[in-house]
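Engineer: everything below, folded, please.
(2 chains)
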Protein chains: 2
Amino acid sequence: MGVVVSLDEGKRGQASIKPLIELTAHDMSRVNQLILSKAGSDVEMIPEVANHLISSGGKRLRPMLTLATARMFDYSGDGHVKLATSVEFMHTATLLHDDVVDESGLRRGKKTARTIWGNQASVLVGDFLLGQAFRMMVEVGSIDALDILSTAASVIAEGEVMQLVAAKNLETTEDEYLAVIRAKTAALFSAAAEVGPVIASATRSERAALRSYGTNLGLAFQLIDDALDYGGNASDLGKNVGDDFREGKVTLPVILCYRRGTAQERRFWKKSIEDGVSDDGALEEARGLMSRYGAISDTITRARHFGEIARDALAPLKETPQKSALLEVIDFCIDRVS
Amino acid sequence: MGVVVSLDEGKRGQASIKPLIELTAHDMSRVNQLILSKAGSDVEMIPEVANHLISSGGKRLRPMLTLATARMFDYSGDGHVKLATSVEFMHTATLLHDDVVDESGLRRGKKTARTIWGNQASVLVGDFLLGQAFRMMVEVGSIDALDILSTAASVIAEGEVMQLVAAKNLETTEDEYLAVIRAKTAALFSAAAEVGPVIASATRSERAALRSYGTNLGLAFQLIDDALDYGGNASDLGKNVGDDFREGKVTLPVILCYRRGTAQERRFWKKSIEDGVSDDGALEEARGLMSRYGAISDTITRARHFGEIARDALAPLKETPQKSALLEVIDFCIDRVS
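Structural biologist: Predicted structure coming up:
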């Protein structure tokens, strides 16, 4: 399958997530143990559903952010392991509820929990994981961390409702789209990166730096995710190419194409996104239009804009292996388009 | 419609919720304001969905428990108002998710949010309210209260999953049923009653007394609710008589009837609860069997058992208007069967 963006432009050497993985490997093995133990319950369906998603091979970028940003400021307790696990549980709960809301059949190439155990189990196990996330935060006992993460929980849900309301509406502006992804995705990246310095008793400006890094990394990450839905292929992505298209999601590539297109092309977008005529032929046509209008490459350019803000946010901080790994992760997230 | 229980036996004078309402009226008006403000969002759909349920006329028993139990120990701050609002939001979030899980059409005589705005909005607005609940708890800043309420959130979700797994299974024992209602209903009553003394810095044994009161009041409340589903009428209940029957819920009246019945009657229960043959004729037959086997009156007797435990839990506490109101609420909850 052809990808509609120049890859050379996208690459900056060989940015990798490996340094972050290596720096957090020891702590992440404790997070993975805690995930298994806190997703446990005498009610057998709970670990079944939870582990289906938990074991499906996400990169666990969010908990690694918490671990790395705590260590970056020489944190030596074990609260960061609990907070990182809380962050991953919040993310997992969101995915379980998202799949119900989107009526998704596949996630990361596997059947979604809702198709195996039903919507009911997905809603309730999501609620359980959210409850367990809060219990772990409470165990850590930092009111500041609790404040950040509980606020993120509200904001994420608010963002999901915004997305639901904007669904299938091609008049959505780029600003409205950005407000949605800022809430539904960037808020958790931001919280994950900020609670590290918080429990490590970093300064106010260090906290703000990591918060800003997280927010902008999250925006870039989501923009690339939305671009990937029209490029790449399902095995790279762990999702089906065209999922967003078939669900009528108004993401940035669509917004740009719709605004830049002719009246006839707009009718095509109305029919496919709003009326649901989104078969393989329509998807091919959509990808053709995206290529013609540079919608994917401009989405990547927007992502790079936020990546630069994330980079500058960390600039004043002293050089540490963590800082260097976090900077490399920015490019890694953006260079996924390959 | 005939009610299958002797009402004289059920009555103990004229137990009323009025004393509790009057004692908490001033604080409850602050809770109601806070509910409106914290269910607010620039995303218009959120207050629409939230207020639909919030304004639908529940008695708000749970937040009143928090307010009364804080005042009972001379609490003079305003954290109890936030915690009471958190408790009501946790309850509302559970109802929104329950309606999705049960595919309910009516609640308290009104269309459910899911039938008006769809399952998606119900899931997401529930998540938002849960997030807002945690934010308010964090504002209060009591780690003990956070611990109690976040634990309750996990336990409630666990109870809902247990109920889902037990659904339509007539082999469910009374003990298994009790474990479900202890988790899905009593846990929040218990938490609501315990966080009051906690923020009022009551003693360990005072906390334990209110926790036990809440748990057992919650068990009695749910047992009566389950009995009411087969007696009374929809306008009293704010729900349809026979809702549980039509949804195939295995509640105590059904468990007792099934265990006490003949082989032929058990086939009837299998057909109606497990296979979903639950039309009006089947409901009438079910009510007839409940009358024959005393299933409703015995469910009420079981409720009274827990009511007595709740009463004894408060016995050592000094006499206050709050204590007296809370004792009366036990009988009020049980005497709803009228």
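Engineer: if you count neighbours, what's buried in stretch A:38-57?
Structural biologist: Of the residues in stretch A:38-57, A:38-39, A:41, A:43, A:45-50, A:52-54, A:56 count as buried by neighbour count, 16 or more other CB atoms under 10 Å in any protein chain shown. No exception for glycine: its C-beta is placed from N, CA and C like everyone else's.
Engineer: how about stretch A:167-183: buried residues?
Structural biologist: For stretch A:167-183, by 16+ other CB under 10 Å, it's A:Ala167, A:Leu170, A:Thr172, A:Glu176, A:Tyr177, A:Leu178, A:Ala179, A:Val180, A:Ile181, A:Arg182, A:Ala183.
Engineer: counting by contacts, list what the helix or strand A:Ala93 falls within packs against.
Structural biologist: Using DSSP states H and E, A:Ala93 sits in helix A:79-102. Judged by 3 or more CB pairs under 8 Å, 6 or more residues apart in numbering or on different chains; DSSP states H and E, helix A:79-102 is in contact with helix A:18-38, helix A:45-54, helix A:61-71, helix A:113-140, helix A:143-166, helix A:187-199, helix B:119-140.
Engineer: tabulate those helices (CSV), appending mean pLDDT and distance to B:Gly231.
Structural biologist: Listed next are those as CSV, based on pLDDT from 0 to 100; distance: least, CB to CB, whole Å:
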stretch, mean pLDDT, distance to B:Gly231
helix A:18-38, 96, 42
helix A:45-54, 85, 32
helix A:61-71, 98, 50
helix A:113-140, 93, 28
helix A:143-166, 95, 38
helix A:187-199, 98, 47
helix B:119-140, 95, 29
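Engineer: with respect to B:Ser104, which of those helices lies nearest?
Structural biologist: Taking CB to CB, helix B:119-140 is the member of the helices and strands packed on helix A:79-102 nearest to B:Ser104, at 10.2 Å.
Engineer: from the chain's centre, how far out does the closest one sit?
Structural biologist: How far helix B:119-140 lies from its chain's middle: 19 Å, per CA atoms, centre = their mean, to the nearest Å.
Engineer: just checking, which of the buried residues of stretch A:167-183 belong to helices?
Structural biologist: Counting by DSSP state H, the part of these found in helices is A:Glu176, A:Tyr177, A:Leu178, A:Ala179, A:Val180, A:Ile181.
Engineer: so which bits of the stretch 101-250 of chain A are right by chain B?
Structural biologist: Residues of the stretch 101-250 of chain A lying close to chain B by CB under 8 Å from any CB of the partner chain are A:101, A:119-121, A:123-125, A:127-128, A:130-132, A:134-135, A:137-138, A:141, A:143, A:146-147, A:150-151, A:153-158, A:160-162, A:164-165.
Engineer: out of the residues you listed, which are buried?
Structural biologist: The buried subset of those - by 16+ other CB under 10 Å - is A:101, A:119-121, A:123-125, A:127-128, A:130-132, A:134-135, A:137-138, A:143, A:146-147, A:150-151, A:153-158, A:160-162, A:164-165.
Engineer: I'd like the helices and strands packed on helix A:79-102 laid out as a markdown table, including distance to A:Gly79.
Structural biologist: Below are the helices and strands packed on helix A:79-102 laid out as a markdown table (distance: least, CB to CB, whole Å):
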| stretch | distance to A:Gly79 |
| --- | --- |
| helix A:18-38 | 11 |
| helix A:45-54 | 21 |
| helix A:61-71 | 8 |
| helix A:113-140 | 4 |
| helix A:143-166 | 8 |
| helix A:187-199 | 5 |
| helix B:119-140 | 16 |
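Engineer: would you tell me which of the ones you listed gets closest to A:Glu284?
Structural biologist: Closest among the helices and strands packed on helix A:79-102, once you apply CB to CB, is helix A:143-166, at 25.3 Å.
Engineer: send the alpha carbons of the closest one over as CSV?
Structural biologist: Below are the C-alpha coordinates for helix A:143-166, written out as CSV (Å, rounded to 0.1, in the frame of the first residue of the first chain):
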residue,chain,number,x,y,z
ILE,A,143,-2.7,15.4,47.0
ASP,A,144,-1.0,17.3,44.1
ALA,A,145,-0.7,14.1,42.1
LEU,A,146,-4.4,13.2,42.9
ASP,A,147,-5.4,16.6,41.8
ILE,A,148,-3.6,16.3,38.5
LEU,A,149,-4.9,12.8,37.7
SER,A,150,-8.5,13.3,38.8
THR,A,151,-8.6,16.5,36.7
ALA,A,152,-7.3,14.6,33.8
ALA,A,153,-10.0,12.0,34.2
SER,A,154,-12.7,14.6,34.0
VAL,A,155,-11.1,16.4,31.1
ILE,A,156,-10.6,13.1,29.1
ALA,A,157,-14.3,12.3,29.5
GLU,A,158,-15.2,15.8,28.5
GLY,A,159,-13.0,15.4,25.4
GLU,A,160,-14.7,12.1,24.5
VAL,A,161,-18.1,13.8,24.7
MET,A,162,-16.9,16.7,22.6
GLN,A,163,-15.7,14.1,20.0
LEU,A,164,-19.1,12.4,20.2
VAL,A,165,-21.0,15.7,19.6
ALA,A,166,-18.6,16.6,16.7
